[in-house]
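Peer 1: sequence first, then the predicted structure, then my questions.
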Amino acid sequence: MAKDLARLVGPEGFSTDPEDLLVYRHDAIAYFAQGDPEAVVLPTDTAQAAAVMAYASQNHIPLTPRGAGSGLSGGCTPVQGGIVLDTKRLKGIQEINRGNLTAKAQAGVVLADFQQAVEAQGFFYPPDPQSKSVCTLGGNVATRAGGPRAVKYGTTGNYVLGLEAVLPNGELIRTGSACVKHSAGYDLTHLLTGSEGTLALITQATLRLLPKPPATCTALAVCPSMEMAARIVSETIANGVVPSMLELLTTASLAVFNKFVSPPLPEEGEACLLMEFDGTAQEALRQAQEMAKACRDMGAMDVRVVSQPEEAAVYWMVRSRLYPLVVSRFKRLVTEDVTVPRDRIPEFAAKVQRIAEETGLSMGLTGHAGDGNMHPTIRMDEISDELQQRADQGMAKVIKAGLALGGVISGEHGVGVHKAQFLELELGQEQIKLMQRIKKAFDPKGIMNPGKLWPPEMEG
Ligand SMILES: Cc1cc2nc3c(=O)[nH]c(=O)nc-3n(C[C@H](O)[C@H](O)[C@H](O)COP(=O)(O)OP(=O)(O)OC[C@H]3O[C@@H](n4cnc5c(N)ncnc54)[C@H](O)[C@@H]3O)c2cc1C
């Protein structure tokens, strides 16, 4: 294989060195290694990527697309070996179109670099997975990633207008357009969006931009109980207040949070809501003040409108790094991204608490509460097979509790391998069979990221 890859991408464009390949065995869940790739390929352009895919197809070699490997569901791991196609070198921003409010960028562009480039021109690209300093646009599109801003602005899927993609046989397609409206044929753009690398390799995306809101204002509310915090979130939404971000932090994460912020937040409550409003400076401040009043009226213990933008920036910076900061305090975290309708958040929070009591597991619940996307997390102070098994069983109960409330198994990370066993519970057999027929139409040889989305025993 090495000789063939050298011919297709040059000696710098691939590796079969076992040391280089080690990192490709897992994603950001480093304790869960899955599959050994035989080679990693790093194309510099779409033509090279297409040539590698045609080669993989002709030789029936599994091929797994990979962006930054920051996923949390095992989506980019080569569970059946073969080639990992790393998009790191596809990093061009080809166009920022002022007159059309769109941009074209390659799959390997890091999200934070893209946001910086468009903001430098006065535009705004809202999707903000908290891994933005490393994750790629291709990975974001492939997982339909979202973040705190989803409550007001939606997720990556709401910004994808068109895609350039390579089919598993090496053919190039261009879906969608740069038009705001597009009504011809099946919407392949949004079929590929969220397809987790199982249908095609995305090489370029045409993305919608917005004008940058002129100002933001942040507010904080510490709540005596998780139930109250959850209730404030659903009441807020019911009253038509739409923050640009609305995050829920638990006491355990507050303790970590407070190591980095000044003044610290009171830790005697069970939860803290961190909120941002945007618009003109006046509008943002008015919304924050109204929200602060509503939180006080509903019984929050300590409510603060943060007047200094620098102080607010620190809060949000620490929030965006909270997951790795919390991970570093424990031996292991098992975390998921169950999403429930926002009016069911209080019930979900209560169910998670009950499951924690019943199982004796240390469970926390943070999340992008404004959009119902919760991150139930099991914190492990020791590592053992027995505890891991209990944690997996506990998390299965949490996922099922979310489904019972009309929720979904994943709001942003995707299914990958970790949640494959739960897909049928959410979608049912018929939808999975339909998806399998769609997969066959794109990928008749089954080489694209095999072993993902549904468990192997469900393969048709
Ligand atoms: C600290 C931390 C915080 C996070 N916060 C969030 C968050 O707030 N919101 C959120 O949504 N996620 C979050 N994530 C998860 C993850 O960062 C996102 O899923 C992100 O979109 C993955 O991008 P990536 O480039 O790392 O993709 P990878 O992890 O490399 O791949 C993810 C999936 O996309 C596929 N893929 C990647 N590139 C392509 C391509 N070009 N064509 C086709 N398929 C492709 C892969 O095969 C895989 O199935 C977080 C992760 C970490 C570690």
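Peer 2: Received, thanks.
Peer 1: residues near residue 137, how many?
Peer 2: Applying other Cβ atoms under 10 Å, we find 31 residues neighbouring residue 137. C-beta: built from backbone N, CA, C; applies to glycine.
Peer 1: for the protein, where's the lowest mean pLDDT among helices and strands?
Peer 2: The least trusted helix or strand in the chain, going by mean pLDDT, DSSP states H and E, turns out to be helix 251-257, with a mean of 79.
Peer 1: next SSE after that helix?
Peer 2: Using DSSP states H and E, the helix or strand that follows helix 251-257 towards the C-terminus is strand 271-279.
Peer 1: still on that earlier bit, which residues sit against the least confident helix or strand of the chain?
Peer 2: With Cβ atoms under 8 Å, 6 or more residues apart in numbering as the test, helix 251-257 has contacts from 249, 265, 267, 269-272, 318-319, 322, 325-326, 329, 364, 366, 379.
Peer 1: how about residue 401, secondary structure?
Peer 2: Classification of residue 401 using DSSP: H, G, I helix; E, B strand; the rest coil returns helix.
Peer 1: what's the nearest residue to it once chain neighbours are set aside in contact with, if anything?
Peer 2: Nearest in space to residue 401, with sequence neighbours left out and distances taken as Cβ to Cβ, 6 or more residues apart in numbering, is residue 351 at 4.2 Å. Residues near residue 351 by Cβ under 8 Å, 6+ apart: 398, 401, 405.
Peer 1: so how far is the ligand from residue 351?
Peer 2: Remark: distance between residue 351 and the ligand (Cβ to the nearest ligand atom, to the nearest Å) = 23 Å.
Peer 1: so the residue of the stretch 301-450 of the chain found nearest the ligand is in which element?
Peer 2: Closest residue of the stretch 301-450 of the chain to the ligand, Cβ to the nearest ligand atom: residue 412 (3.1 Å). Assigned by DSSP H and E, residue 412 falls within no helix or strand.
Peer 1: how about the contacts made by the nearest residue to it once chain neighbours are set aside?
Peer 2: Leaving out its chain neighbours, the residue that sits closest to residue 412 by Cβ to Cβ, 6+ apart is residue 146, at 4.8 Å. Neighbouring residues of residue 146 by Cβ under 8 Å, 6+ apart: 127-129, 154-156, 368, 371, 373, 411-412.
Peer 1: try residue 350
Peer 2: 226-227.
Peer 1: looks to me like it is in a helix.
Peer 2: Yes: counting by three-state DSSP, residue 350 falls inside a helix.
Peer 1: using PDB, write out the CA atom coordinates for the helix or strand where residue 313 lies.
Peer 2: Using DSSP H and E, residue 313 falls within helix 309-320. C-alpha atoms of helix 309-320 as PDB (Å, rounded to 0.1, in the frame of the first residue of the first chain):
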ATOM      1  CA  PRO A 309     -16.700  43.000  28.900                       C
ATOM      2  CA  GLU A 310     -13.200  41.800  30.000                       C
ATOM      3  CA  GLU A 311     -14.700  40.000  33.000                       C
ATOM      4  CA  ALA A 312     -17.400  38.500  30.800                       C
ATOM      5  CA  ALA A 313     -14.800  37.300  28.300                       C
ATOM      6  CA  VAL A 314     -13.000  35.400  31.000                       C
ATOM      7  CA  TYR A 315     -16.200  33.700  32.100                       C
ATOM      8  CA  TRP A 316     -16.900  32.500  28.600                       C
ATOM      9  CA  MET A 317     -13.300  31.600  27.900                       C
ATOM     10  CA  VAL A 318     -13.300  29.400  31.100                       C
ATOM     11  CA  ARG A 319     -16.600  28.000  30.100                       C
ATOM     12  CA  SER A 320     -15.300  27.000  26.700                       C
END
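Peer 1: measure residue 313 to residue 261 for me?
Peer 2: 11 Å (Cβ to Cβ, to the nearest Å).
Peer 1: and the residue of the stretch 301-450 of the chain closest to the ligand, its phi and psi?
Peer 2: Reported as degrees, to the nearest 10, the phi and psi values for residue 412 are phi -160, psi -30.
Peer 1: that one contacts residue 139, correct?
Peer 2: No: counting by Cβ atoms under 8 Å, residue 412 stays clear of residue 139, with 11.6 Å between them.
Peer 1: got any residues that touch both of these two?
Peer 2: Counting by Cβ under 8 Å, 6+ apart, the residues touching both residue 412 and residue 139 are residue 145.
Peer 1: neighbour count winner among those two?
Peer 2: A count of neighbours by other Cβ under 10 Å puts residue 139 above the other of residue 412 and residue 139, at 32 against 24.
Peer 1: tell me which element the more buried one falls in.
Peer 2: For residue 139, the host element (DSSP H and E) is helix 137-143.
Peer 1: and that helix, does that touch the ligand?
Peer 2: Yes: for helix 137-143, a contact with the ligand is found by Cβ under 6 Å from any ligand atom, at 138-140, 142-143.
Peer 1: most neighbours, which of the residues you listed?
Peer 2: Of these, with other Cβ under 10 Å as the count, residue 140 tops at 34 neighbours.
Peer 1: for that one, which non-adjacent residue is closest in space?
Peer 2: By the measure of Cβ to Cβ, 6+ apart, the closest residue to residue 140 outside its immediate chain neighbours is residue 156, 4.6 Å from it.
Peer 1: try residue 57
Peer 2: residue 169 (4.7 Å).
Peer 1: ok, the one you found to the ligand distance?
Peer 2: Separation of residue 169 from the ligand (Cβ to the nearest ligand atom) stands at 15 Å.
Peer 1: enumerate every residue touching that residue.
Peer 2: Contacts of residue 169 were listed using Cβ under 8 Å, 6+ apart, and they are 53-54, 57.
Peer 1: so it: helix, strand or coil?
Peer 2: Following three-state DSSP, we place residue 169 in the coil state.
Peer 1: neighbours around residue 404, how many?
Peer 2: 14.
Peer 1: with residue 34 instead?
Peer 2: Residues near residue 34, counting by other Cβ under 10 Å, number 18.
Peer 1: and the closest residue to it other than its chain neighbours, how far from the ligand?
Peer 2: If the residues on either side of it in the chain are set aside, residue 34 comes closest to residue 77, at 4.0 Å by Cβ to Cβ, 6+ apart. As judged by Cβ to the nearest ligand atom, residue 77 and the ligand stand 8 Å apart.
Peer 1: how much space separates residue 231 from residue 290?
Peer 2: Going from residue 231 to residue 290 by Cβ to Cβ gives 17 Å.
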